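Peer 1: sequence-free structure coming up:
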């Protein structure tokens, strides 16, 4: 009896590549489908679109502070909440106090309106640290350019925080109680009394911030999408890096308060 003819096995159809995303689609998907955005970074690690968007809202926020509070008042508040600085400031004659506030106000204005440039620097520092941790500690295949883009896109939720803070300012915030470094009630530190709570505790409490945690999760998703690191492990690595950063910052703040 003749054997049945063997039919040739047709090769499996190749998996179609996802369609490339536009810059606008990447920004939108960062909020609703972040995996699509970060996977697309393997094709192109472009980061200029989120940088421009974040910069615009940062400058709008700084303008609102200048209009509704003033940079001099921002410095007054900072001095009032630091016993060491307050003691030194009170010993100065009135003319030197006024001069010090004017100079400090210029620095705040420069840093505020120059935030787009500083954003690039902060992103560079953060990207280097997290990228090295992933490369050395987890063997991630993510390139540095991809890591930089991940960090920039992961900061997009901060736009919502800037909008909330700007609305609060124009709604009628108390200038004497305003803290430019913590302008909206999105974290535990916002609700703690700065006069009765230590700087270390308030700095650590500020880590429990809705938008910061959102950004941390996005960074973890980003590294998992551009490498073979498991998503849960990637988020844990980012969280540990963030905790170390906050502990260091809180210690410094407590030492100089």
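Peer 2: Alright, I've got the coordinates. Here the structure is a predicted model, which is why all the values come from computation and not from measurement.
Peer 1: mean confidence for the helix or strand that residue 225 is a member of?
Peer 2: Per DSSP states H and E: residue 225 is located in helix 210-226. Helix 210-226 shows a mean pLDDT of 97.
Peer 1: continuing past it, what's the next helix or strand?
Peer 2: Following helix 210-226 in sequence, per DSSP H and E, is helix 231-255.
Peer 1: So which bits of that following helix are buried?
Peer 2: Buried residues in helix 231-255, counted by 16 or more other C-beta atoms under 10 Å: 234-235, 237-239, 241-242, 246, 249-250, 253. From N, CA and C alone the C-beta is placed, and that goes for glycine too.
Peer 1: So which other helices or strands are in contact with that helix?
Peer 2: helix 115-132, helix 138, helix 199-205, helix 210-226 (3 or more C-beta pairs under 8 Å, 6 or more residues apart in numbering; DSSP states H and E).
Peer 1: right, and those helices - which one's nearest residue 19?
Peer 2: Comparing the helices and strands packed on helix 231-255 against residue 19 with C-beta to C-beta, the closest turns out to be helix 210-226 (16.1 Å).
Peer 1: And the closest one, what's buried?
Peer 2: Counting neighbours by 16+ other C-beta under 10 Å, helix 210-226 gives 211-226 as buried.
Peer 1: number of nearby residues for the closest residue to residue 60 other than its chain neighbours?
Peer 2: Excluding the flanking residues, the one nearest residue 60 by C-beta to C-beta, 6 or more residues apart in numbering is residue 166, at 5.9 Å. If you count neighbours by other C-beta atoms under 10 Å, residue 166 ends up with 20.
Peer 1: returning to what we had before: possible to save the helices and strands packed on helix 231-255 as CSV with distance to residue 71?
Peer 2: Below are the helices and strands packed on helix 231-255 laid out as CSV (distance: least, C-beta to C-beta, whole Å):
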stretch, distance to residue 71
helix 115-132, 14
helix 138, 42
helix 199-205, 22
helix 210-226, 24
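Peer 1: Pick out whichever of the buried residues of helix 210-226 sits closest to residue 88.
Peer 2: Looking across these and measuring by C-beta to C-beta, the closest to residue 88 is residue 212, at 31.6 Å.
Peer 1: Nearest the middle, which residue of this protein would you pick?
Peer 2: Per C-alpha atoms, centre = their mean, the C-alpha nearest to the average position across the chain is that of residue 155, at 4.6 Å.
Peer 1: got the phi/psi numbers for it?
Peer 2: Main-chain dihedrals, residue 155, degrees, to the nearest 10: phi -90, psi 0.
Peer 1: In contact with it, which residues?
Peer 2: 50, 54, 119, 123, 215 (C-beta atoms under 8 Å, 6 or more residues apart in numbering).
Peer 1: make it 7 Å
Peer 2: Residues counted as contacts of residue 155 (C-beta atoms under 7 Å, 6 or more residues apart in numbering) are 50, 54, 215.
Peer 1: Could you export these as JSON lines, including distance to residue 23?
Peer 2: Output for the contacts of residue 155, formatted as JSON lines (distance: C-beta to C-beta, whole Å):
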{"residue": "50", "distance to residue 23": "8"}
{"residue": "54", "distance to residue 23": "13"}
{"residue": "215", "distance to residue 23": "19"}
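Peer 1: would you list every one of the helices in the stretch 51-200 of the chain?
Peer 2: 71-80, 83-90, 94-113, 115-132, 138, 144-154, 158-172, 199-205 (DSSP state H, counting those that start in this stretch).
Peer 1: Mind checking these for the one nearest to residue 178?
Peer 2: Across the helices of the stretch 51-200 of the chain, closest to residue 178 is helix 71-80 (C-beta to C-beta), at 6.1 Å.
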